[in-house]
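A.B. asks: sharing a sequence plus its predicted fold:
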Amino acid sequence: MHTERPWIDVGRCLGCGLCVTICPSGTLSLEQDKARVTGANCIGCGHCAAVCPAEAVRCDPGDGWATAFSTFTPSGAMIQPGAFAPAALVDLLRSRRSCRSFRPEPVPVPFLEDLVRAAVTAPSGTNSQRWTFTLLAGRPAVEKLGAAVADFFRRLNRHGRTAVFAAMPDLARPGGSGRLLPRLLRDRAPSLADWDRDRTDRLFYGAPAVILVGSCPGASCPAEDALLATQNLLLTAHCMGLGSCLIGYAVEAFHHDRRVAKAVGVPEEEKVHAVVALGWPAVTFARSAPRWRPVLRVRTA
């Protein structure tokens, strides 16, 4: 976690107090009408530098990797609240579909790295930014993951659900994975048969690339952070012309069998929260799909 405190050019400081007001950790205060660094709990969010009208606050900019896009060039403009048409945003949100039909052409690594750069613009709890991204940038790497996931489900089928579930206490949690895995065992049986017969890929749908979104220790809410970053990744992939699909059953395999992570080089201390298949789509959607009405509550007191 980034902990280096900001630096203030007192000569430039206007004494407006905006940085003090916006600081979430009480690191800054006004003394003699100038902002000062007086606390030690900085979380490195950078809000103080971003809000300062005189550019008097400096924060560690990092190495610049997160802003060095290779396949397109952002304008760098700050879009203020209300300055982007919500109708255009909703059109984008509704246009992104899960793709399960990919062309065989590979996705160049710079495209995948740019997806990660877009992903890490997401918020994270206490600004921990403890994301990890493992890029499987070719069919051999994707097939290695596919084989590991298939082995996991094959072992469940072979040893029987009762014995395997008994060895996995977390599966018994109400509403937890215990409700998902039996259905996955049933639904994936034909896919496993196809994979074993001739490597027909109904696991990742022939995608030429996969990104694993995970976390390393130290995050305050790692799963939420990873899923927020994943949504950024999915929307950016659509804008780049890529198709994407979340592979939930692969996440279950990561959660319950360490051998899956080991097969693709994910360190033991990391947890994988999302698996995204990526590639150039072989299908074009003509319209958006419907969404059901959710449970919606409005309370005013």
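C.D. replies: Everything's here; your move. Numbering: from 1, shown residues only.
A.B. asks: residues of stretch 106-118 that come out buried?
C.D. replies: 107, 111-118 (16 or more other CB atoms under 10 Å). C-beta here means a position set from N, CA and C on the backbone, and glycine is covered the same way.
A.B. asks: could you save those as JSON lines and add columns showing secondary structure?
C.D. replies: Output for the buried residues of stretch 106-118, formatted as JSON lines (DSSP: H, G, I helix; E, B strand; the rest coil):
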{"residue": "Val107", "secondary structure": "coil"}
{"residue": "Phe111", "secondary structure": "helix"}
{"residue": "Leu112", "secondary structure": "helix"}
{"residue": "Glu113", "secondary structure": "helix"}
{"residue": "Asp114", "secondary structure": "helix"}
{"residue": "Leu115", "secondary structure": "helix"}
{"residue": "Val116", "secondary structure": "helix"}
{"residue": "Arg117", "secondary structure": "helix"}
{"residue": "Ala118", "secondary structure": "helix"}
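A.B. asks: ok, these vs Pro61, which is closest?
C.D. replies: Arg117 (14.6 Å; CB to CB).
A.B. asks: pretty sure that closest one contacts Phe72?
C.D. replies: No - contact criterion CB atoms under 8 Å: Arg117 and Phe72 do not qualify, at 10.3 Å.
A.B. asks: okay, the buried residues of stretch 106-118 in JSON lines with distance to Ala50 and pLDDT next?
C.D. replies: Formatted as JSON lines, the buried residues of stretch 106-118 follow (distance: CB to CB, whole Å; pLDDT from 0 to 100):
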{"residue": "Val107", "distance to Ala50": "33", "pLDDT": "98"}
{"residue": "Phe111", "distance to Ala50": "28", "pLDDT": "98"}
{"residue": "Leu112", "distance to Ala50": "28", "pLDDT": "98"}
{"residue": "Glu113", "distance to Ala50": "24", "pLDDT": "98"}
{"residue": "Asp114", "distance to Ala50": "23", "pLDDT": "98"}
{"residue": "Leu115", "distance to Ala50": "24", "pLDDT": "98"}
{"residue": "Val116", "distance to Ala50": "22", "pLDDT": "98"}
{"residue": "Arg117", "distance to Ala50": "18", "pLDDT": "98"}
{"residue": "Ala118", "distance to Ala50": "18", "pLDDT": "98"}
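A.B. asks: identify the neighbouring strands of the longest strand anywhere in the chain in the sheet and state each direction.
C.D. replies: For the chain, the strand with the greatest residue count under DSSP state E is strand 271-279. Its sheet considered, strand 271-279 pairs with strand 209-215 (antiparallel), strand 243-246 (antiparallel) by DSSP bridges.
A.B. asks: so after the first one, what's the next helix or strand?
C.D. replies: Read in the C-terminal direction, the helix or strand following strand 209-215 is helix 222-239, with elements assigned using DSSP states H and E.
A.B. asks: can you check the last one too?
C.D. replies: Next helix or strand after strand 243-246 toward the C-terminus (DSSP H and E): helix 248-256.
A.B. asks: show me where the stretch 51-200 of the chain has strands.
C.D. replies: With strands called from DSSP state E, counting those that start in this stretch, the stretch 51-200 of the chain shows them at 57-58, 131-136.
A.B. asks: so in that sheet, which strands flank the last one, and in what orientation?
C.D. replies: Same thing as strand 131-136. Short version: by DSSP bridges, strand 131-136 pairs with strand 209-215 (antiparallel).
A.B. asks: quick one, the strand it pairs with and helix 248-256 angle?
C.D. replies: Between strand 209-215 and helix 248-256, the angle comes out at 40 degrees (axes from the mean of the first three to the mean of the last three CA atoms, to 10 degrees).
A.B. asks: what is the mean pLDDT for strand 209-215?
C.D. replies: Across strand 209-215, pLDDT averages out at 98.
A.B. asks: give me the distance between stretch 44-53 and the centre of its chain.
C.D. replies: Relative to its parent chain, stretch 44-53 has a centroid offset of 24 Å by CA atoms, centre = their mean, to the nearest Å.
A.B. asks: what's the average pLDDT for stretch 278-298?
C.D. replies: Averaging pLDDT along stretch 278-298 yields 95.
A.B. asks: report the buried residues of that stretch.
C.D. replies: Buried-residue list, stretch 278-298, by 16+ other CB under 10 Å: 278-281.
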